[in-house]
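[1] need a 3D model of the sequence below.
(one chain, ligands or ions: 4)
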Amino acid sequence: AAKNGGKGRFRFYDCMLYETIQNRLDTEQELMRAIRDDQFLIHYQPRVHAQSGKLLGAEALIRWQHPQRGLIQPADFIALAEETGMIGQIGDIVVDKVCAQMTDWRSQGLDVVPISVNISARQFADNKVRHAIAAGLEKYALPSSLLEIELTESAMMRGDGDLFDEIAGLSGMGIGIHIDDFGTGYSSLSQLQRMDTDVLKVDRTFTSQLGCGKEGERFFTAIVSMAKALGMRVVAEGVETAEQLSILRTLTCDEIQGFFIAHPLPADEMRELMRQPHLFA
Ligand code: C2E
Ligand code: MG
Ligand code: MG
Ligand code: MG
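    Ligands and ions are numbered 1, 2, ... in the order given. As a prediction, this is how the structure comes out:
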């Protein structure tokens, strides 16, 4: 009986495995179609000056408008795009869409703030990030000061010589370099210095600890003083409460981002925010 039961379980698992592989293949096919049929769109999340609430920039966050499944978040497709290498093409699409959007806003007479684009480690493997960004700036005749890149601390850690060359090249072009999810990886000061990093974006797990004892505050205090000494700015991500904002102001954190200020917004809502340059007083 035990043997039979075992067999049954095997068949059950086989079935599950098959289903998973099939799903993956389906999603892969659908991702290819999404690229072909232009199903991606960009939402923009504002970043503001902590003391004044002035709008300083926004982060481009990709969404997939699936014809049947609705709006799909990056958590559900970016990993697969990275594994299959499709992230290269998707990354180019993001850069192009962001540049096109800024051009549109500029043509409406808006004072456009710099937009940061997330770049996966895998995108640097092809050594094409610099090319895609240069192409976008040239195609739309935009100054490089309007584009910034976000690279996670763990992606930076995996980086080889090429990654450093690419980052140095981008930095030389005037593209701001932001280290995303800072505090969750293991970067060294020498790496930060070598890459000419402009901004440390402290991961939201640290922001969420603010107001729950002194430990979280000590972490931010240390990051702020280190960043200042190295000539970098500090952004706190994931700010969700007035208390977190108030603590971050006391700790002289430079900039903030999070649901308390604004969620990632469709382009037309982001445009309205650019008309009122202070999001809070
Ligand atoms: P990330 O770059 O660290 O982006 C921040 C994520 O946190 C976003 O999720 C944002 O919606 C969310 N967030 C912002 N404020 C708050 C807050 O106050 N509370 C909470 N709980 N969450 C907040 P999203 O848009 O789902 O993106 C997830 C991740 O997907 C991003 O993390 C980034 O690593 C990746 N991603 C997004 N767009 C792109 C892209 O165009 N290219 C690549 N390569 N990766 C992307
Ligand atoms: Mg980011
Ligand atoms: Mg982040
Ligand atoms: Mg993050």
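
[2] C-alpha from now on. contacts and neighbour counts both.
    Will do.

[3] mind listing the helices for the chain?
    Listed in chain order, the helices of the chain (DSSP state H) span 2-36, 78-84, 87-107, 121-125, 129-139, 153-158, 161-172, 189-194, 204-207, 214-229, 242-250, 267-274.

[4] any idea how far the residue nearest in space to the middle of the chain is from Arg233?
    In the chain, the centroid-proximal residue (C-alpha atoms, centre = their mean) is Asn118; its distance is 3.7 Å. Note on Asn118: its distance to Arg233, by C-alpha to C-alpha, to the nearest Å, is 18 Å.

[5] picking up where we left off before, any chance of the helices of the chain in a markdown table, with distance to ligand 1 too?
    Listed next are the helices of the chain as a markdown table, based on distance: least, C-alpha to the nearest ligand atom, whole Å:
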| stretch | distance to ligand 1 |
| --- | --- |
| helix 2-36 | 13 |
| helix 78-84 | 6 |
| helix 87-107 | 6 |
| helix 121-125 | 8 |
| helix 129-139 | 11 |
| helix 153-158 | 10 |
| helix 161-172 | 15 |
| helix 189-194 | 18 |
| helix 204-207 | 7 |
| helix 214-229 | 16 |
| helix 242-250 | 11 |
| helix 267-274 | 14 |
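
[6] could I get those in JSON lines, plus columns for distance to ligand 3 and mean neighbour count?
    Output for the helices of the chain, formatted as JSON lines (distance: least, C-alpha to the ion, whole Å; neighbours: other C-alpha atoms under 10 Å):
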{"stretch": "helix 2-36", "distance to ligand 3": "24", "mean neighbour count": "12"}
{"stretch": "helix 78-84", "distance to ligand 3": "14", "mean neighbour count": "15"}
{"stretch": "helix 87-107", "distance to ligand 3": "17", "mean neighbour count": "19"}
{"stretch": "helix 121-125", "distance to ligand 3": "14", "mean neighbour count": "19"}
{"stretch": "helix 129-139", "distance to ligand 3": "19", "mean neighbour count": "18"}
{"stretch": "helix 153-158", "distance to ligand 3": "10", "mean neighbour count": "18"}
{"stretch": "helix 161-172", "distance to ligand 3": "18", "mean neighbour count": "17"}
{"stretch": "helix 189-194", "distance to ligand 3": "17", "mean neighbour count": "13"}
{"stretch": "helix 204-207", "distance to ligand 3": "7", "mean neighbour count": "20"}
{"stretch": "helix 214-229", "distance to ligand 3": "16", "mean neighbour count": "16"}
{"stretch": "helix 242-250", "distance to ligand 3": "17", "mean neighbour count": "17"}
{"stretch": "helix 267-274", "distance to ligand 3": "19", "mean neighbour count": "16"}
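
[7] how about low-confidence regions in the chain?
    1-19, 160-161 (pLDDT under 70).

[8] returning to what we had before: give me the number of residues near the closest residue to the residue nearest to the centre of the chain other than its chain neighbours?
    Distance criterion C-alpha to C-alpha, 6 or more residues apart in numbering; nearest residue to Asn118, sequence neighbours excluded, is Glu150 at 4.6 Å. Neighbourhood size, Glu150 [other C-alpha atoms under 10 Å]: 21.

[9] quickly list what Glu150 is bridged to.
    According to DSSP bridges, the partner residues bridging Glu150 are Asn118, His178.

[10] residue contacts, it?
    By C-alpha atoms under 8 Å, 6 or more residues apart in numbering, Glu150 lies in contact with 116-119, 177-180.

[11] pick out the residue of the stretch 101-250 of the chain closest to ligand 1.
    Closest to ligand 1 within the stretch 101-250 of the chain is Gly238: 3.3 Å, counting by C-alpha to the nearest ligand atom.

[12] I figured that residue hits Thr207, correct?
    Yes: using C-alpha atoms under 8 Å, Gly238 is in contact with Thr207, at 6.4 Å.

[13] all set now, cheers.
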